[in-house]
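Student: Okay, predicted coordinates and the sequence, questions at the end:
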Amino acid sequence: MRRLAALAATLLAIGCSGMAGPVPAPPGGSAVVGADTSLSFYVQAQAFYARLVQRRFNTLETFKDPLLRESFQTENRFFDYYADLAETLREAHFERARPIEIEIEGFVFESPDAARVQVRFVGEDNRPLRPNKVSLVRLDRWERADQRWWMTPGKL
């Protein structure tokens, strides 16, 4: 159990490095969870966000990708998340609506079965004469059901 706790602490340190700020506390306060819960959540969330890197969110190819849909309990939840993310990337001036880096800045548990994750998306600026990068910080919510973590859009 100590090795699992040490691994979880290491993963959290890696995932939370360079944080822009603390993850906002849930209205009802945060919950303390075991290392196994924290680790299982982090592994699944990290895998999901890693799939989003270098993907264009204004194309049918990305929209139809079955791997991206695996983290949503229903098709409608996927549609809601995808539409919101695509629009947010466009409004933040991401070139080709494509993040080139994604970093989990931190997460906090609302309960043993619900977590909020703060994620930073970085991309190239699509505005003329602006060779810099743009970034966007999102707060996403995940819930655990049937021994699996699911992205739950629009419930913050």
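Tutor: That came through fine. All figures in this text were calculated on a predicted structure; none of them were measured in a lab.
Student: In the chain, spot the strand with the most residues.
Tutor: strand 133-145 (DSSP state E).
Student: So which elements touch the helix or strand just after that strand?
Tutor: Per DSSP states H and E, strand 133-145 leads on to strand 148-151 as the next helix or strand towards the C-terminus. Counting contacts by 3 or more CB pairs under 8 Å, 6 or more residues apart in numbering; DSSP states H and E, strand 148-151 is packed against helix 35-52, helix 75-91, strand 133-145. For the C-beta atoms, the positions are set from N, CA and C on the backbone; glycine is no exception.
Student: mind checking how far the first one is from the chain centre?
Tutor: Going back to what we said before, that points to helix 35-52. Computed by CA atoms, centre = their mean, to the nearest Å, the chain-centroid distance of helix 35-52 equals 9 Å.
Student: Same check on stretch 33-46?
Tutor: Distance, centroid of stretch 33-46 to centroid of chain: 13 Å (CA atoms, centre = their mean).
Student: what does stretch 42-58 contact?
Tutor: 8, 11-12, 15, 62, 65, 67-68, 71, 82, 85-86, 89-90, 96-102, 104, 107, 115, 117, 119, 121, 142, 148-149, 151 (CB atoms under 8 Å, 6 or more residues apart in numbering).
Student: Look up which helix or strand the residue of the chain most remote from its centre falls in, please.
Tutor: The C-alpha centroid of the chain is most remote from Leu129, which lies 29.9 Å away (CA atoms, centre = their mean). In the assignment (DSSP H and E), Leu129 maps to no helix and no strand.
Student: And the average pLDDT for the longest strand of the chain is what?
Tutor: On average, the pLDDT along strand 133-145 is 95.
Student: picking that back up, may I see the helices and strands packed on strand 148-151 organised as CSV, with mean neighbour count added?
Tutor: What follows is the helices and strands packed on strand 148-151, written out as CSV (neighbours: other CB atoms under 10 Å):
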stretch, mean neighbour count
helix 35-52, 17
helix 75-91, 15
strand 133-145, 17
